[in-house]
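Q: What shape does this take:
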Amino acid sequence: MSLDEKLEKRRKRAEEDVREAHRNVRRLVQRFAADPESWKRSIGNGWSPAETLLHLAMVGGVVADALRVCAAAGPVQRDRTRSVQQAAALRLLLTTWRHPSGPPPLAGTDPQGRLESPDLVAGHHVAWASGFVALLRDHSGPYLAGVMSKHPKYGDLDAFEWARWMRIYFRYHELRMSVRTG
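A: Residues are numbered from 1 along each chain as shown. Predicted coordinates:
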């Protein structure tokens with residue numbers, strides 16, 4: 001298999017990762033929207049489902065926007081800036097799907113107590129997911145391999161790694177909400 005074929009395969013997997021993250025969020029929004037009290041109720045010291053799902057929409061938007069800007073600027077012609085520790089932590093995350101507990105939110109993704117309606121939160125998710133999928137469809141695998149944006153913990157991630165990270169991160173929050181709400 002040629003390098004271009006491998007990168008095209010990664011591009012298709014990244015699209016599936018984004019679509020799966022979005023499908024899971026859509027199910028969660030429907031589940032919690034059916035009970036308005038559970039939508040707003042925070043469990044313990046954590047965020048409510050409304051805040052958590054808004055946070056995930058904000059994360060998706062921040063990532064999709066950053067990647068769109070990077071894609072418009074063209075592929076990066078440099079090595080990734082990632083320390084050995086960052087590379088090891090990212091590899092562990094991507095292979096085991098075990099997200100470290102209590103990571104700080106990405107800048108600009110803290111809902112700060114905002115309680116939007118399920119329809120608005122669902123709309124935010126449609127916006128970031130459709131934007132991310134459009135980015136993946138508008139560019140070839142080799143092009144996207146050079147589209148990188150920095151993650152505060154893992155260093156430079158390309159579009160494929162961001163898609164997988166988001167799927168894992170969304171799954172992490174889905175499991176936390178399931179445990180906290182029963």
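
Q: secondary structure class for residue 149?
A: Under DSSP: H, G, I helix; E, B strand; the rest coil, the three-state class of residue 149 is strand.

Q: show me what contacts it?
A: Residue 149 makes contact with 63, 66, 67, 70, 156, 157, 162, according to C-beta atoms under 8 Å, 6 or more residues apart in numbering. Every residue, glycine included, has its C-beta placed from N, CA and C.

Q: out of those residues, which are buried?
A: The neighbour count (16 or more other C-beta atoms under 10 Å) marks 63, 66, 67, 70, 156, 157, 162 as buried among those.

Q: Of these, just say which sits nearest to residue 13.
A: Set against residue 13, the nearest of those by C-beta to C-beta is residue 162 (12.4 Å).

Q: Nearest residue to the closest one in space, please, no chain neighbours.
A: Of all residues not flanking residue 162 in the chain, residue 63 sits nearest, at 5.4 Å (C-beta to C-beta, 6 or more residues apart in numbering).

Q: other SSEs contacting the host helix or strand of the one you found?
A: In the assignment (DSSP states H and E), residue 63 maps to helix 49-73. Packed against helix 49-73, as judged by 3 or more C-beta pairs under 8 Å, 6 or more residues apart in numbering; DSSP states H and E, are the following elements: helix 3-33, helix 36-40, helix 118-138, strand 148-151, helix 159-181.

Q: mind running it again at 6 Å?
A: Judged by 3 or more C-beta pairs under 6 Å, 6 or more residues apart in numbering; DSSP states H and E, helix 49-73 is in contact with helix 36-40, helix 118-138, strand 148-151, helix 159-181.
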